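Trainee: Following is a predicted model, sequence given first.
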Amino acid sequence: MFSPSVSNAARWLRRLALPVALAACVSSAFAQAPAKEDIVIGASVPMSGVFAFAGIGIHAGLGDYVKWANEQGGIDGRKLRYVPEDTAYKVDVSVAAFKKITSQNNVNLYYGDSTGFSKTINAEIDRGGNILMSGASFASELNDPKKYPNQFMLGPDYTEMFGILLRHIAKETPKAKVAFVYSDTEFGRDPIATSREAAKKLGLDVAVEIMTAPGSVDVSTEIIKLRRANPDYTIFHGYVLAPIPEFVSQGKKMGLKSRYMGTFWTMDNSTVMQMGEDAQGFMGVMPYRYYYDTEGKSPMLDQIRKMRPEYQSTGYMQGFLGGMLFAEAAKRTLAAGKPLTGPNLKSALTSLKDFDTGGLIGVPITIKGNSIPVGRIYQADVKQKRMVPASDWIVLE
Amino acid sequence: MRIGTAKQSYAADQALFDSATQRTWVLVLVLALIAFPFVADPYWLYLACLVAINIASATGLNILTGYTGLVSLGQAAFMGIGAYTVAVLEQRLGTPAILNLLIGGTVAMLGGVLVGIPSLRVKGLYLAIATIAASFIVHFLFANLGVTGGTAGLSVPPAKIFGVALDTSFRIYWLVVPVTALMLLGAANLFRTRIGRAFIAIRDRDISAEVLGIPLLRYKLLSFALSSFYAGVAGGLWAYFFRVVTPESFPLQMSIFFLAAIIVGGMGTILGAILGATFMTMVPEFLKLVVGWTSLGADSLQYVAPIRIIVFGVLIVGFLVFEPHGLAEMWRRVRRFFHLWPFKH
């Protein structure tokens, strides 16, 4: 027979049984409701080292887009999560960052920092089949959907950048004499051979090709070569700044009438303005609109200016656009009821036709191959300390 | 306290691992290395392979610089020769991975002998500059020869062992770590032979070594050959590991990395190359982990990244100032402490 205290306890237990069982059912029902998993964007970003100037902007752009998208409710009720790592622009460190991020998170989208990294990690991306990747590289080699099926680039490749410049030159000065000045690197040599042919087709004369060491300062002998060729236009590629100022300054002193042009990584406003007075009239190709560009309707640029009242680099624009296209690919994949795999994300991305970037790029964009072959020629106005448009948007077919 | 190790035969006296304690720890290490891939995630496996490749190359440089006293800044170029050889063989002929690695090492070795020829005439900084010049020539060849794929480089198919493609960190670990272990064993044994002792004699005083009957040119070239063979094999492993080889994969900075690794680790010791390469590879990653633990978030990354590099630099300078004999000497002191414990001397 139970003692009175034990029977009291049993009574209490019986009374509690129903509410406890109910609470357990309710809580288990909640627990079983699947929490929507985050959409993870991993990123190898060079926050230190030689490429940090670009990486800091890219990091801020990607981070800001993710923040903004989450404030808008995420994608299909799922939050975006940004997981970056610094790589110092070294391939082995970048691969380590990739391994670290992917082993700790279920990554869907990845931003890579260099051509070397994009090439190195491609086999792994293809084997895993779960990730769509983009990045800072505009290498022409990556613009091959067969070889790099789960990658894309955030603008025209280097050959296409040259193509846009050459089309502008051919329109402005038919049969012009052009010089190619490029660095002795994979980056520098990338578009040269193909652009030689493109120039011929456009009726332009490639008067001289000059290859220098990357970032070299003393280029006096090369400048003499340039003077001898006396080109109407000189296109620099494979540099950020040096030795461009030296070429421009000495060329001007020697009375060269050439107009000087650059490609994406030279074309940030602050980079060009470092040339001082010599920057006047320096031209180049830019796939994105500059931070201060208020022409026409551009809600995303307005949003960026609201989030960051101070000037943001073209690297920032690239990062922001990267976030936007990643999100769009995820949105379209989920809307089609498909899982977020690399191939699904890529086919969602390539389904973009005349996609409105909210003013980040001045015209609606379409992904062709692995690139977005669009750009505009801007030129430096030193008085305003700004890059101003020198052409309309040029879309390569 | 370990009072002494009694050796009762010449064989025991000459053994590589001379005490039971040492043999036990080596066995524990081997077991740990075997178990590691089964417990580690891909990130740690990746780092383990990278460390092993760097150890192999640093050991090669240690043979040349640490043991023979010939300063070289061409180690990355020799790695490049090995990597390109392996890439070309794998891509065009599809020969077995181990054979490719051996051929890669041999081609790098021939390059090393060629570069080593001036070593009889020049020493120290002069030789270092000669090796830098050689690495520029090699870089030029990589970028301009048709067979190397020019500046775009070459993609390397995965190594295959018994038909299994080593295309994940887990699988490639079983190639990289055993090959590195074999190379370490080879290096450790080298300095128990006449050749190794000749290297040390040359390092300590080359004129005296010549007086003792050591043919300087032959041994200096041999040292270059061995060192570049190690670099070539390490480069081959690198090619299989990263699967892409470009001229920019092996910059001069990489040679400086290996030189720094053997200085920080301790020149002229096998353990020095192991500890130095591990330190140089792992500390930047470890500092990243520390930053991660502080959970300052993504926003802090841009401020913390440069600080991390400064801390890494300060650590290296600190080692050079406070322990010029490197990490190997610190390790020896720790061992001595445990041998003598509880006594101080």
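Mentor: Everything's here; your move.
Trainee: Where does pLDDT dip in chain A?
Mentor: A:1-35 (pLDDT under 70).
Trainee: what pairs with the longest strand along it, and is each one parallel or antiparallel?
Mentor: The longest strand of chain A (DSSP state E) is strand A:386-395. Neighbouring strands of strand A:386-395 in its sheet, by DSSP bridges, are strand A:374-381 (antiparallel).
Trainee: returning to that earlier point: which positions within the longest strand of chain A qualify as buried?
Mentor: A:Arg386, A:Met387, A:Pro389, A:Ala390, A:Ser391, A:Trp393, A:Ile394, A:Val395 (16 or more other Cβ atoms under 10 Å in any protein chain shown). Bear in mind the C-beta positions are built from the backbone N, C-alpha and C, glycine included.
Trainee: Closest one of these to chain B?
Mentor: Among the buried residues of strand A:386-395, A:Met387 lies closest to chain B (Cβ to the nearest Cβ), at 24.3 Å.
Trainee: What's the separation between B:Ile207 and B:Ala130?
Mentor: The spacing between B:Ile207 and B:Ala130, counted by Cβ to Cβ, to the nearest Å, is 20 Å.
Trainee: returning to what we had before: CA-only coordinates of the longest strand of chain A, as CSV, when you get a sec.
Mentor: Provided in CSV are the C-alpha atoms of strand A:386-395 (Å, rounded to 0.1, in the frame of the first residue of the first chain):
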residue,chain,number,x,y,z
ARG,A,386,35.1,62.3,-62.0
MET,A,387,34.8,59.9,-64.8
VAL,A,388,32.1,61.1,-67.2
PRO,A,389,30.5,59.1,-70.0
ALA,A,390,32.1,59.3,-73.4
SER,A,391,29.8,56.9,-75.2
ASP,A,392,26.5,55.2,-74.9
TRP,A,393,26.3,51.7,-73.5
ILE,A,394,27.9,49.2,-75.9
VAL,A,395,26.5,45.7,-75.9
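Trainee: Show me the contact partners of that strand.
Mentor: A:164, A:167-168, A:267, A:269, A:272, A:283-284, A:286, A:290, A:292, A:295, A:361-363, A:373-381 (Cβ atoms under 8 Å, 6 or more residues apart in numbering or on different chains).
Trainee: Now do the residue in the stretch 51-200 of chain B positioned nearest to chain A, the pLDDT please.
Mentor: Nearest residue of the stretch 51-200 of chain B to chain A: B:Thr151, at 4.0 Å (Cβ to the nearest Cβ). With respect to pLDDT, B:Thr151 scores 85.
Trainee: hang on, it packs against B:Leu145?
Mentor: No - the criterion here is Cβ atoms under 8 Å, and B:Thr151 misses it with B:Leu145 at 11.1 Å.
Trainee: For B:Ile309, give me its contacts.
Mentor: For B:Ile309, the contacting residues are A:Ser48, A:Gly49, A:Ala88, B:Pro284, by Cβ under 8 Å, 6+ apart.
Trainee: quick one: which of the residues you listed is nearest B:Ala277?
Mentor: Using Cβ to Cβ, B:Pro284 comes nearest to B:Ala277 of the contacts of B:Ile309, at 12.9 Å.
Trainee: ok but that closest one is inside a helix, no?
Mentor: Yes - applying DSSP: H, G, I helix; E, B strand; the rest coil, one finds B:Pro284 inside a helix.
Trainee: For it, give its distance to A:Val45.
Mentor: 15 Å.
Trainee: So these two - more neighbours on which side?
Mentor: Remark: of B:Pro284 and A:Val45, A:Val45 carries more neighbours, 35 against 20, as counted by other Cβ atoms under 10 Å in any protein chain shown.
Trainee: you'd agree the more buried one is up against A:Tyr82?
Mentor: No - A:Val45 lies out of contact with A:Tyr82 (Cβ under 8 Å); the separation is 10.2 Å.
Trainee: residues shared between the contacts of those two?
Mentor: Common neighbours of A:Val45 and A:Tyr82 are listed as A:Leu62 (criterion: Cβ under 8 Å, 6+ apart).
Trainee: hang on, the earlier thing: could you report the neighbour count for the closest residue to the residue of the stretch 51-200 of chain B closest to chain A other than its chain neighbours?
Mentor: Excluding the flanking residues, the one nearest B:Thr151 by Cβ to Cβ, 6 or more residues apart in numbering or on different chains is A:Glu186, at 4.0 Å. Counted with other Cβ under 10 Å, the neighbours of A:Glu186 add up to 22.
Trainee: What residues does A:Glu186 make contact with?
Mentor: A:Glu186 touches A:Thr115, A:Ala139, B:Thr151, B:Ala152, B:Gly153, B:Thr246, B:Pro247, B:Glu248, counting by Cβ under 8 Å, 6+ apart.
Trainee: Next, it: phi, psi?
Mentor: Backbone geometry at A:Glu186, expressed as degrees, to the nearest 10, gives phi -60, psi -40.
Trainee: That one and A:Met387, how far apart?
Mentor: Taking Cβ to Cβ, one finds A:Glu186 at 27 Å from A:Met387.
Trainee: was I right about B:Ala52 contacting B:Trp174?
Mentor: No - B:Ala52 lies out of contact with B:Trp174 (Cβ under 8 Å); the separation is 11.1 Å.
Trainee: distance between the helix or strand of chain B with the lowest mean pLDDT and the chain's centre?
Mentor: Lowest mean confidence among the helices and strands of chain B (mean pLDDT, DSSP states H and E): helix B:10-14, at a mean of 81. A distance of 28 Å separates the centroid of the chain from that of helix B:10-14, by Cα atoms, centre = their mean, to the nearest Å.
Trainee: hey, C-alpha coordinates of that helix in CSV?
Mentor: Output of helix B:10-14 as CSV, limited to C-alpha atoms (Å, rounded to 0.1, in the frame of the first residue of the first chain):
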residue,chain,number,x,y,z
TYR,B,10,77.3,-0.3,-33.6
ALA,B,11,74.0,-0.8,-35.2
ALA,B,12,72.2,0.5,-32.1
ASP,B,13,74.6,3.5,-32.0
GLN,B,14,73.9,4.3,-35.6
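Trainee: So what touches it?
Mentor: Outside helix B:10-14, the residues within contact range by Cβ under 8 Å, 6+ apart are B:Lys7, B:Asp18, B:Arg192.
Trainee: give me the low-pLDDT residue ranges for the stretch 151-300 of chain B?
Mentor: Using pLDDT under 70, the stretch 151-300 of chain B drops low at B:294-299.
Trainee: Can you tell me which residue of the stretch 201-345 of chain B sits closest to chain A?
Mentor: B:Ala305 (3.7 Å).
Trainee: what's the residue of the stretch 51-200 of chain B closest to chain A in contact with, if anything?
Mentor: Residues in contact with B:Thr151 (Cβ under 8 Å, 6+ apart) are A:Thr185, A:Glu186, A:Arg189, A:Asp190, B:Ala143, B:Thr246, B:Pro247, B:Glu248.
Trainee: cutoff 10 Å now
Mentor: The contact partners of B:Thr151, by Cβ atoms under 10 Å, 6 or more residues apart in numbering or on different chains, come to A:141, A:184-190, A:192, B:142-144, B:246-248.
Trainee: related to what we said a few turns ago, just the buried members of the contacts of strand A:386-395?
Mentor: By 16+ other Cβ under 10 Å, the contacts of strand A:386-395 give A:164, A:167-168, A:267, A:269, A:272, A:283-284, A:286, A:290, A:361-362, A:373-380 as buried.
Trainee: before we move on, the earlier item: could I get the contacts of A:Glu186 as CSV with secondary structure?
Mentor: Shown next, in CSV, are these (three-state DSSP):
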residue, secondary structure
A:Thr115, helix
A:Ala139, coil
B:Thr151, helix
B:Ala152, helix
B:Gly153, coil
B:Thr246, coil
B:Pro247, helix
B:Glu248, helix
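Trainee: what two of these are the furthest from one another?
Mentor: A:Ala139 and B:Pro247, at 14.3 Å, using Cβ to Cβ across the contacts of A:Glu186.
Trainee: Compare those two (neighbour count), which wins?
Mentor: Between A:Ala139 and B:Pro247, counted using other Cβ under 10 Å, the more crowded position is B:Pro247 (25 against 22).
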